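*Asks:* next one to model:
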Amino acid sequence: VLRRLAVTAQDGLARAIVPAHTPLDGDLVFAAATGAVPLADPVGDLARLGDAAARVLARAVALGVYRASALPVAGAQAAWRDRFGG
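*Replies:* Residues are numbered from 1 along each chain as shown. All right, here's what the predicted structure looks like:
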């Protein structure tokens, strides 16, 4: 179940990063659970959790890009906020 959740969450990377899932990019998503609460509807609940995970991951990538700052070294690439404000 967790493997399927992580695979579905990877959709969030594809929503936020283009291109995603290339052979050399190293995209990786982990999923973890305590198992304290069983899924009432394993198929439906997993679909809803996967959708939520993909949305959260896409949002996390976008926030990371938006809030990042350029490295404080000469010649460092400008961050998004350096180029577009924020």
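
*Asks:* show the pLDDT at the most centrally placed residue in the chain.
*Replies:* Taking C-alpha atoms, centre = their mean as the criterion, Leu57 is the residue nearest the geometric centre of the chain, at 2.8 Å. What the model reports for Leu57 is a pLDDT of 96.

*Asks:* distance check, it against Leu28.
*Replies:* Counting by C-beta to C-beta, to the nearest Å, the gap from Leu57 to Leu28 is 11 Å. For the C-beta atoms, the positions are set from N, CA and C on the backbone; glycine is no exception.

*Asks:* check Gln10 too.
*Replies:* 9 Å.

*Asks:* picking up where we left off before, packing partners for the one helix or strand the residue nearest to the centre of the chain maps to?
*Replies:* With the criterion set as DSSP states H and E, the secondary-structure element containing Leu57 is helix 42-67. With contacts defined as 3 or more C-beta pairs under 8 Å, 6 or more residues apart in numbering; DSSP states H and E, helix 42-67 has these neighbours: helix 2-16, helix 80-84.

*Asks:* can we see that at 6 Å?
*Replies:* Using 3 or more C-beta pairs under 6 Å, 6 or more residues apart in numbering; DSSP states H and E as the contact definition, the elements that helix 42-67 packs against are helix 2-16.

*Asks:* residues contacting the helix it packs on, please?
*Replies:* Taking C-beta atoms under 6 Å, 6 or more residues apart in numbering as the criterion, the residues outside helix 2-16 that touch it are 20, 27, 29, 31, 33, 49-50, 53-54, 57-58, 61-62.

*Asks:* could you find the lowest-pLDDT member of those?
*Replies:* In this model, the minimum pLDDT among these belongs to Asp27 (86).

*Asks:* state the distance from it to Ala78.
*Replies:* As judged by C-beta to C-beta, Asp27 and Ala78 stand 24 Å apart.

*Asks:* ok, and for the helix or strand of the chain with the lowest mean pLDDT, which residues are buried?
*Replies:* Within the chain, judged by mean pLDDT, DSSP states H and E, the helix or strand with the poorest mean is helix 80-84; its value is a mean of 89. The neighbour-count criterion (16 or more other C-beta atoms under 10 Å) identifies Trp80 as the buried residues of helix 80-84.
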